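>>> sharing a sequence plus its predicted fold:
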Amino acid sequence: MTAPKKTIDVLGQRVGTVYAKALYDAAQGEAAAVIQEFQSLVGDVLDAFPDFEKLLASPMIPADQKRDIVQRTLGGQISPLLLNFLRVVAKNERLGNLRAILGCLIDLHNQRSGRVRVDVTTATTLADSTAAALKDRIRSLLGREPELVVRTDPRLIGGLQLRVGDTVYDGSVLTNLQQLRSRLRQRNVEEIETNRQRFQFTPSKL
């Protein structure tokens, strides 16, 4: 399972973790199907209709109205389990955290399934063969099945960055250049200081 890209949101992550665990436990072994349905909800509804997502997250709309909106728009379109879950989320004014909940749900499922999320950032699009080789390498190193979440960043120039949990493995050309630039700058400062001391003198008394 591949989680959506996440930004750092401490409160959102806490909320997401609590609700994700509740939904995972309620799924009773059908977590994969629930996750797939949840992903479709985010991709086919929230991504396609951003104004609807803003409506659900708006603090100006009472919780009971949001619950009714969820029932009217999604009733009969999604499973009773996910619909009831969303109604509870609406009641507790947490519909603005749906993406965080989904991300935490996927992470929880990966963890309990012996999988691990690996965020990969490359300068150019990662070829399928390269991605497969990378997964094999990570699998051999971590002993777990990696789930790659890939994005591109042309600023890297070349190479790639890997993030596993809170650990970042950086082999990008940009980082190497920045480190080299930093070392050169430090060397220049040291040389200037050395030359300054070399040519410094104290005038003798006349």
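Yes, it's here.
>>> burial check on residue 76, number of neighbours?
When neighbours are counted by other CB atoms under 10 Å, residue 76 registers 9. Heads up, the C-betas are built off the backbone N, CA and C, glycines and all.
>>> backbone phi and psi for it, please?
Backbone torsions of residue 76, given as degrees, to the nearest 10, read phi 90, psi -10.
>>> now do the contacts for it.
Not one residue lies near residue 76 by CB atoms under 8 Å, 6 or more residues apart in numbering.
>>> please begin residue numbering at 26 from this point
All set: I'll call the first residue 26, so the last point we hit is now residue 101.
>>> what score does it have for pLDDT?
According to the prediction, residue 101 has pLDDT 91.
>>> okay, it and residue 178: tell me how far apart.
Distance, residue 101 to residue 178, by CB to CB, to the nearest Å: 42 Å.
>>> same thing with residue 140?
24 Å.
>>> kindly report the same for residue 102.
Taken as CB to CB, the span from residue 102 to residue 178 is 36 Å.
>>> now do the strands in the chain.
Per DSSP state E, the chain carries strands over the ranges 140-147, 170-177, 185-189, 192-195.
>>> and the angle from the third one to strand 140-147?
Taking axes from the mean of the first three to the mean of the last three CA atoms, to 10 degrees, strand 185-189 and strand 140-147 form an angle of 160 degrees between their directions.
>>> so what are the sheet partners of strand 185-189 and their directions?
Strand pairing for strand 185-189, determined by DSSP bridges: strand 140-147 (antiparallel), strand 192-195 (antiparallel).
>>> give me whichever of these is most buried.
Mean neighbour count, computed with mean count of other CB atoms under 10 Å, is highest for strand 140-147 among the strands paired with strand 185-189, reaching a mean of 20.
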